[in-house]
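*Asks:* How does the following fold in three dimensions:
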Amino acid sequence: QVRLQESGPGLVKPSQTLSLTCTVSGGSITTNYYYWSWIRQPPGKGLEWIGHIADGGITYYSPALKSRTSISRDTSKNQFTLQLSSVTPEDTAVYYCARVLHYALDAWGQGTQVTVSS
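*Replies:* Residues are numbered from 1 along each chain as shown. Here you go, the predicted structure:
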């Protein structure tokens with residue numbers, strides 16, 4: 001059974017870059033048809049899709065965040081990474097990594113709280 005685990009700093013200063021890593025076990029991030037996604041939930045708000053990296057390495061980003069977002073992967077470590085630049089307090093959220101199959105969430109991590117504050 002696939003497992004996903006987010007890791008990274010819980011506190012980021014405004015204007016800095018948020019960087020999170022998702023480590024995947026029990027399945028390869030290069031397996032066909034899966035998209036590996038980042039999703040977040042700000043306090044008191046719903047889930048927001050940030051972007052994903054497909055099995056072939058192509059990336060797709062939310063138009064609202066595209067200018068500040070980069071998703072990459074390390075296939076040797078079976079990890080994929082989110083970088084969100086120029087963060088503000090509005091980027092404070094619980095961040096999740098997830099696996100998507102046929103446009104449905106198939107598996108996800110427990111989430112990690114990221115707070116943007118000076």
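
*Asks:* from here on, contacts and neighbour counts on C-alpha atoms
*Replies:* Fine.

*Asks:* Name the residues of the lowest-mean-pLDDT helix or strand in the chain that are buried.
*Replies:* Lowest mean confidence among the helices and strands of the chain (mean pLDDT, DSSP states H and E): strand 104-108, at a mean of 92. Neighbour-count burial for strand 104-108, counted by 16 or more other Cα atoms under 10 Å, picks out residue 108.

*Asks:* Neighbouring strands of that strand in the sheet, and parallel or not?
*Replies:* Using DSSP bridges, the strands paired with strand 104-108 are strand 93-101 (antiparallel).

*Asks:* Show me which residues of the strand it pairs with are buried.
*Replies:* For strand 93-101, the neighbour count (16+ other Cα under 10 Å) marks 93-100 as buried.

*Asks:* and if you look at stretch 2-17?
*Replies:* By 16+ other Cα under 10 Å, the buried positions in stretch 2-17 come out as 3-7, 10, 12, 14, 17.

*Asks:* wait, residue 55 sits on residue 34?
*Replies:* Yes. Judged on Cα atoms under 8 Å, residue 55 makes contact with residue 34 at a distance of 5.7 Å.

*Asks:* So between the two, which is more surrounded?
*Replies:* Legend: neighbour count by other Cα atoms under 10 Å for residue 55 and residue 34, higher for residue 34 (20 against 16).

*Asks:* For this protein, just list every one of the helices.
*Replies:* With DSSP state H as the criterion, the chain has no helices.

*Asks:* Run through it and note the low-pLDDT ranges.
*Replies:* Across the chain, nothing is flagged by pLDDT under 70.

*Asks:* Could you pull up the residues touching the spatially most central residue of it?
*Replies:* Closest residue to the average C-alpha location of the chain: residue 38 at 2.7 Å, with Cα atoms, centre = their mean. Taking Cα atoms under 8 Å, 6 or more residues apart in numbering, we find residue 38 in contact with 49-52, 82, 95-98.

*Asks:* And residue 91, by the same measure?
*Replies:* 42, 115-116.

*Asks:* What of residue 6?
*Replies:* 20-23, 96-97, 109-112.

*Asks:* Now do the strands in this structure.
*Replies:* Assigned strands in the chain, in chain order: 3-7, 11-12, 18-25, 34-41, 48-54, 59-61, 69-74, 79-84, 93-101, 104-108, 112-116 (criterion: DSSP state E).
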